[in-house]
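[1] Quick one: sequence and predicted model below, then my questions.
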Amino acid sequence: MTAELTALALAGLLQIAQFCLYSVLANMQVGINVAAGSRDRPITLTGVAGRAQRALNNHFEGLILFTIAVLVVTLSEQTSSLTAACAWVYLGARTAYIPAYLLAPSPWRSVVWFVGLIATTLMILAALF
């Protein structure tokens, strides 16, 4: 398996871990009956639980782009030390993004997010040129 595919698999596991963290925090805030209910009324989470939910959603968005980047470089056989490094940088940035978002240290959350986006963009560009 290429480094890029390994990083993608680990990013998937990170997403699962993030979902579990969000679920625990949400249940702690609203209670199991509300969380397991029909959700006819939207649930608005606040504080750390709300930030965990937004961080999770943000990773879904970033993971889509990263998956595209990994597929493009892998299927076009354009993997290289640059794309492998970018994949690991993306994974590191997404891992750092979770505490950066939960603890809300400004502006680091945005900086960490941007590092992940740049790594993803460079992977796509590396496959094109």
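    In hand now; what should we look at? Residues are numbered from 1 along each chain as shown.

[2] My read is that I98 contacts A55, right?
    Yes: here I98 lies in contact with A55, judged by CB atoms under 8 Å, at a distance of 5.8 Å. Any C-beta I mention is one placed from the backbone N, CA and C, and that applies to glycine too.

[3] Output the contacting helices and strands for the lowest-mean-pLDDT helix or strand in the chain.
    When each helix and strand of the chain is scored by mean pLDDT, DSSP states H and E, helix 32-35 comes last, with a mean of 76. Helices and strands touching helix 32-35, by 3 or more CB pairs under 8 Å, 6 or more residues apart in numbering; DSSP states H and E, are helix 3-30.

[4] helices or strands next to the helix it packs on in the packing?
    Applying 3+ CB pairs under 8 Å, 6+ apart, we find helix 3-30 packed against helix 32-35, helix 47-75, helix 81-102.

[5] Now do the last one against helix 47-75: the angle between them, please.
    Put simply, helix 81-102 runs at 170 degrees to helix 47-75, going by axes from the mean of the first three to the mean of the last three CA atoms, to 10 degrees.

[6] which one of the helices and strands packed on helix 3-30 has the most crowded surroundings?
    Burial of these is given as mean neighbour count (mean count of other CB atoms under 10 Å); helix 81-102 ranks first at a mean of 20.

[7] so how far is it from its chain's centroid?
    Helix 81-102 has its average C-alpha position 9 Å from the chain's average C-alpha position, going by CA atoms, centre = their mean, to the nearest Å.

[8] Tell me which residues are up against whatever helix or strand comes next after that helix.
    Proceeding N to C from helix 81-102, the next assigned helix or strand is helix 108-128, under DSSP states H and E. By CB atoms under 8 Å, 6 or more residues apart in numbering, the residues outside helix 108-128 that reach it are 4, 58, 62, 65-66, 68-70, 72-73, 76, 78, 80, 82-83, 86-87, 89-90, 93-94, 96-97, 100-101.
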